[in-house]
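Undergrad: Here you go, sequence then predicted model.
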Amino acid sequence: MTKPPSISKPESESAQDIDAEASAFSTLRKLWPYIWPADRSDLKKRVALAVVALALGKIVNVLTPYFFKWATDALTDSSAPDGVGAVGWLSIPVMLVASYGLARITNVAFDQMRDALFARVGQHAVRNLSFKTFEHMHKLSLRYHLQRHTGGLSRIIERGTHAIEGVVRHTILHAVPTFLQFIFMAAVIAYQFDIIYVLVVVGMIALYVAFTIRVTAWRIDIRRRMNESDNEANSKAVDSLLNYETVKYFGNEEMESTRYDSSLGVYQKAAISTWVSLAWLNFGQTVIFSIGMATCMGLSAYGVMQGTQSVGDFVLINALLMQLSIPLNFFGSMHREIKQGLVDLEAMFSLMREAPEVTDKPTAAKLAVDGGSVRFDNVLFHYDEERPILKGVSFEVPAGKTVAIVGPSGAGKSTISRLLFRFYDVSGGAITVDGQDIRDVQQLSLRQNIGMVPQDTVLFNDTLLYNIGYGRPSASREEIEDAARMAQISEFVKSLPNGFDTEVGERGLKLSGGEKQRVAIARTILKAPPILVLDEATSALDSHTEQEIQTALDQVSQNRTTLVIAHRLSTVIGADEIIVLEAGKIKERGRHADLLAQGGLYASMWDRQREASEAEERLRKAVEGDNQGYLPSHELQPAE
């Protein structure tokens, strides 16, 4: 059977607890600017008014049992004053009972006023911090996003967002009021009774709080395991669903379900432990409070029998302790929610602490484009120091010209486009646009002047109108339709029942490869950048679709500085210069005919691709011939 840990702690655990408390304080300190925003005086006033309502509510709450005491004493007093009838005498306790009810209503009114005043503050903190976290995620480098798990990351942000308001409310609206209520109540008990009562109550509360904190710390460790297993399960689920087709291709549905169920098993075990630990927590709290309450009431009962206290005093101490039991009972869940919220918030703040790999210099200015000449000057780059990717690459794409980069897989072709977009900074050398080092200009202005048509176009799960318009969100519908027409996709859109309002599905999976590429071309046309990058834009398409897409790409690249990264050499025949990369170095360079004449790497690649293309064409014709041979005779007749 699971048991709570002993109260005594080893030295190492105490040190860990100190670190945890310091971490909790640090998290609250980071959260404070969102609760007390420097630029929002209206929210500060709300916080101040909420604190006033909080204090008044607790004062009324502590004094309310006095009406109960006075009504009890009036009812137990058999001697009525002279000249007062039975009805008149009974009106006194009735009025006291009514006053007791009014005091409770007043207390609730102050509490609700406090919550209503603080609602805007809490929601402002949630919105502001959530926005800053989301904004920060987009500032992080490509390296970070290639390594992270989408499902786990979304869960961290989701739990952190929910934790903000919980921590704010429990700390400001519950922890502080509970502390104030205890102070007021200790003063009332010391005044009304004896110091021994205060000592009993203080001892009971100290033991109650220590036990609650100790067991809650145990439960927080379980919560961390729950979060980790939840993140893992969600990551696997999201990753599996995003790769739905791959799962189907290999028939691995059972394997994916087993992996997911394994993660759920870990979560289930941790979840069961939380319920067991909660049972221990509730039982221990009840025992501690009941002993303290029974002790105080026993002392009061003895005082009544000795004639030093009235029955009303016995009722008063009971009512005071019962009122104290409510926030104390809530202290366990409050402390747990605060600690768990701090864990979730700390995970969210850790994302905020993740430093962007690529940042703008304080003196960075906007990129000034005059033609759009791009130059790589002795560029060195590595993802890992032990594995260099580019080894002194130098070339220039003159303004308005087209330069193609080809080479075997792993030569560093796609790395060049990532460096130009400044997803990474070069390890050595420089990349310039019209003579301006891209490290000295603002990233946003750089990317605003470069258009990209990638090999794998990933679309938003929204409409065609939204996905094309993403190239320039301020564009009108007419401009979007013009861009679609130039990208040769308008006829396809017209054939759809919902036209431009057609949903493309998750990552655009409802569209074919060629249709997605045309959408990518259309939004690049809409963006109208002076510099264009075509990163193997047609390598995943069949020959017929490739020719259609290539025609559209040729139109887009006219009068633009164009860098083409290609796998199929047939798409770069007309380039002004072709650069052949091999193992991160420029092996050959020149125009198509010149490179063929050299008989080097480019010529070898051309011959292999030509042979593969011819074999593919022969196979296609053979298949078409077989199909025609099996067609029924009436299907071979021309249409009338």
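TA: Cool, the structure landed. Numbers count the residues shown, from 1 in each chain.
Undergrad: Can you pull the domain assignment for the chain?
TA: With domains defined by automatic domain parsing, the chain comprises 24-353, 363-449+565-624.
Undergrad: Figure out how far the shortest one is from the centre of its chain.
TA: I take that to be domain 363-449+565-624. Relative to its parent chain, domain 363-449+565-624 has a centroid offset of 35 Å by C-alpha atoms, centre = their mean, to the nearest Å.
Undergrad: tally of neighbours for Tyr66?
TA: 19 (other C-beta atoms under 10 Å). Backbone N, C-alpha and C define where each C-beta goes, glycine included.
Undergrad: Could you pull up the residues touching the residue nearest the centre of the chain?
TA: In the chain, the centroid-proximal residue (C-alpha atoms, centre = their mean) is Ile157; its distance is 2.9 Å. Applying C-beta atoms under 8 Å, 6 or more residues apart in numbering, we find Ile157 in contact with Ser130, Thr133, Phe134, Met137, Met348, Leu351.
Undergrad: Ranking by neighbours, what's the top pick from the residues you listed?
TA: Met348 (22 neighbours).
Undergrad: who touches it in this structure?
TA: Here Met348 is in contact with Leu129, Thr133, Ile156, Ile157, Arg159, Gly160, Thr161, Ala163 (C-beta under 8 Å, 6+ apart).
Undergrad: Among the contacts of Ile157, name the ones in strands.
TA: Of the contacts of Ile157, none are assigned to strands by DSSP state E.
Undergrad: Export the residues you listed as TSV, with columns for distance to His174 and pLDDT.
TA: Below are the contacts of Ile157 laid out as TSV (distance: C-beta to C-beta, whole Å; pLDDT from 0 to 100):
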residue	distance to His174	pLDDT
Ser130	22	81
Thr133	25	81
Phe134	29	81
Met137	31	80
Met348	21	81
Leu351	27	79
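Undergrad: Closest to Thr216 out of those residues?
TA: Using C-beta to C-beta, Met348 comes nearest to Thr216 of the contacts of Ile157, at 20.6 Å.
Undergrad: Go through the domains of the chain and find the least confident stretch.
TA: For those, mean pLDDT drops lowest on domain 24-353, to a mean of 79.
Undergrad: For Asp462, which of the domains of the chain is the nearest?
TA: Of all the domains of the chain, domain 24-353 comes closest under C-beta to C-beta, at 16.5 Å.
Undergrad: Save the domains of the chain as CSV, and put in distance to Leu459 too.
TA: Formatted as CSV, those follow (distance: least, C-beta to C-beta, whole Å):
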stretch, distance to Leu459
domain 24-353, 13
domain 363-449+565-624, 19
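Undergrad: For Phe500, which of these is the nearest?
TA: Closest among the domains of the chain, using C-beta to C-beta: domain 363-449+565-624, at 24.5 Å.
Undergrad: In three-state terms, how would Thr359 be classified?
TA: Following DSSP: H, G, I helix; E, B strand; the rest coil, Thr359 is assigned to coil.
Undergrad: Please report how far it lies from Ser445.
TA: Distance, Thr359 to Ser445, using C-beta to C-beta, to the nearest Å: 14 Å.
Undergrad: mind saving the C-alpha coords of the helix or strand where the residue nearest to the centre of the chain lies as PDB?
TA: With elements taken from DSSP states H and E, the one containing Ile157 is helix 150-168. Coordinates of each C-alpha in helix 150-168 appear next as PDB, following Å, rounded to 0.1, in the frame of the first residue of the first chain:
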ATOM      1  CA  THR A 150       5.000  19.600 -31.600                       C
ATOM      2  CA  GLY A 151       2.600  17.700 -29.300                       C
ATOM      3  CA  GLY A 152       4.700  18.100 -26.200                       C
ATOM      4  CA  LEU A 153       5.400  21.800 -26.900                       C
ATOM      5  CA  SER A 154       1.700  22.500 -27.400                       C
ATOM      6  CA  ARG A 155       0.900  20.800 -24.100                       C
ATOM      7  CA  ILE A 156       3.500  22.900 -22.200                       C
ATOM      8  CA  ILE A 157       2.000  26.100 -23.600                       C
ATOM      9  CA  GLU A 158      -1.600  24.900 -22.900                       C
ATOM     10  CA  ARG A 159      -0.900  23.900 -19.300                       C
ATOM     11  CA  GLY A 160       1.200  27.000 -18.700                       C
ATOM     12  CA  THR A 161      -1.600  29.200 -20.000                       C
ATOM     13  CA  HIS A 162      -4.100  27.600 -17.700                       C
ATOM     14  CA  ALA A 163      -1.700  27.800 -14.800                       C
ATOM     15  CA  ILE A 164      -1.300  31.600 -15.000                       C
ATOM     16  CA  GLU A 165      -4.800  32.400 -13.800                       C
ATOM     17  CA  GLY A 166      -4.800  29.600 -11.300                       C
ATOM     18  CA  VAL A 167      -1.600  30.700  -9.700                       C
ATOM     19  CA  VAL A 168      -2.700  34.400  -9.700                       C
END
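Undergrad: ok so, going back, of the domains of the chain, which approaches Asp501 most closely?
TA: domain 24-353 (24.5 Å).
Undergrad: hmm, back to that, quick one: which of the contacts of Met348 is nearest to Thr258?
TA: Closest to Thr258 out of the contacts of Met348 is Ile156 (25.1 Å), distances taken as C-beta to C-beta.
Undergrad: burial of the closest one, as a residue count?
TA: Ile156: 21 neighbours (other C-beta under 10 Å).
Undergrad: show me what contacts it?
TA: Asn231, Asp344, Ala347, Met348, Leu351.
Undergrad: cool, and Ser154?
TA: Asn234, Val238.
Undergrad: rewinding a little: and the contacts of Ile156 as TSV, adding distance to Thr72?
TA: Shown next, in TSV, are the contacts of Ile156 (distance: C-beta to C-beta, whole Å):
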residue	distance to Thr72
Asn231	56
Asp344	47
Ala347	52
Met348	52
Leu351	57
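Undergrad: With respect to Pro497, which of these is nearest?
TA: Using C-beta to C-beta, those come closest to Pro497 at Asn231, 40.3 Å.
Undergrad: doesn't Arg155 make contact with that closest one?
TA: Yes. Judged on C-beta atoms under 8 Å, Asn231 makes contact with Arg155 at a distance of 5.3 Å.
Undergrad: about what we covered before: show me the one of the domains of the chain that comes nearest Asp456.
TA: It is, among these and with distance given as C-beta to C-beta, domain 363-449+565-624, at 10.8 Å.
Undergrad: picking up where we left off before, among the contacts of Met348, find me the one that's closest to Lys269.
TA: Nearest to Lys269 among the contacts of Met348, counting by C-beta to C-beta, is Arg159 at 19.6 Å.
Undergrad: before we move on, back to that, turn the contacts of Met348 into TSV, including distance to Ala399.
TA: Output for those, formatted as TSV (distance: C-beta to C-beta, whole Å):
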residue	distance to Ala399
Leu129	45
Thr133	40
Ile156	45
Ile157	43
Arg159	50
Gly160	47
Thr161	47
Ala163	52
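Undergrad: Which one of the residues you listed is nearest to Ser490?
TA: Using C-beta to C-beta, those come closest to Ser490 at Ile157, 38.5 Å.
Undergrad: still on that earlier bit, who has more neighbours, Thr359 and Ser445?
TA: More crowded of Thr359 and Ser445, by other C-beta under 10 Å: Ser445, with 16 against 13.
Undergrad: contacting residues for the more buried one?
TA: Ser445 makes contact with Lys366, Leu367 under the criterion C-beta under 8 Å, 6+ apart.
Undergrad: pLDDT score for Ser633?
TA: Looking at Ser633, its pLDDT reads 39.
Undergrad: that older thread, for the contacts of Ile157, could you give me CSV that also reports distance to Asp73?
TA: Converted to CSV, the contacts of Ile157 look like this (distance: C-beta to C-beta, whole Å):
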residue, distance to Asp73
Ser130, 55
Thr133, 58
Phe134, 61
Met137, 65
Met348, 55
Leu351, 60
